[in-house]
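Trainee: Curious how this folds, go ahead:
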Amino acid sequence: MAEEQRELEERIIIKDQHIKEIDLVNRDPKRINEDVVKVDFEDVIAEPVGTYSFDGVWKSSYTTFTVSKYWCYRLLSAVLGIPLAVVWGFLFALISFCHIWAVVPCIKSYLIEIQCVSRIYSLCIHTFCDPLFEALSKICSNVRVVLRKET
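Mentor: Residues are numbered from 1 along each chain as shown. Here you go, the predicted model:
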């Protein structure tokens, strides 16, 4: 009975990984677009002192900019959002696939091969360099350094 309950919980957990609740209020919880797309009317259009347009034109421009930006974004999202989501989903799936099925196995294969090469390299170093440096150390072992302070 307890095992059946555990299997049911595992199935629910696996299902929950693919069907995730979406927060419709906070749509950028990791704040990846925090400073990128915050463009307001004042960030784009500004009139310096002494060159003001009519107040009605300024208010109408503000309203037109704000409303057109809002509705153009919504229209573009409605038309292109789903196709681009498919493209990005495919791209990241492809990247994940390549990483899982090509990159990691190549790295593991390289590490296995390099381990064999490192053993051969180590054997060559110990065979040829160790005797050479041992002989050099015996030659230099009789060298004495004396420091004298001359006055």
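Trainee: What's the first helix or strand after the lengthiest helix in the chain?
Mentor: The longest helix of the chain (DSSP state H) is helix 55-98. Next along the chain after helix 55-98, taking DSSP states H and E as the criterion, comes helix 104-124.
Trainee: sorry, back to before: which helices and strands sit right next to the longest helix of the chain?
Mentor: Here helix 55-98 touches helix 41-44, going by 3 or more CB pairs under 8 Å, 6 or more residues apart in numbering; DSSP states H and E. Where you see a C-beta, it was placed from the backbone N, CA and C, and this is true even at glycine.
Trainee: Quick check: mean pLDDT of the helix it packs on?
Mentor: On average, the pLDDT along helix 41-44 is 84.
Trainee: Stretch 102-121 now?
Mentor: Taken as a whole, stretch 102-121 has a mean pLDDT of 93.
Trainee: I'd like the distance from it to the chain centre, please.
Mentor: 26 Å (CA atoms, centre = their mean, to the nearest Å).
Trainee: Please save the CA atoms from that stretch in CSV.
Mentor: Provided in CSV are the C-alpha atoms of stretch 102-121 (Å, rounded to 0.1, in the frame of the first residue of the first chain):
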residue,chain,number,x,y,z
ALA,A,102,27.5,14.7,-28.4
VAL,A,103,29.4,17.1,-26.2
VAL,A,104,29.5,15.2,-22.9
PRO,A,105,30.3,11.8,-24.6
CYS,A,106,33.1,13.5,-26.6
ILE,A,107,34.5,15.0,-23.5
LYS,A,108,34.3,11.7,-21.6
SER,A,109,36.0,9.9,-24.6
TYR,A,110,38.7,12.5,-24.7
LEU,A,111,39.3,12.2,-20.9
ILE,A,112,39.6,8.4,-21.3
GLU,A,113,42.0,8.7,-24.2
ILE,A,114,44.1,11.5,-22.6
GLN,A,115,44.5,9.3,-19.5
CYS,A,116,46.1,6.6,-21.7
VAL,A,117,48.3,9.3,-23.4
SER,A,118,49.3,10.7,-20.0
ARG,A,119,50.5,7.3,-18.8
ILE,A,120,52.7,7.0,-21.9
TYR,A,121,53.9,10.6,-21.4
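Trainee: Pro29 in helix, strand or coil?
Mentor: coil (DSSP: H, G, I helix; E, B strand; the rest coil).
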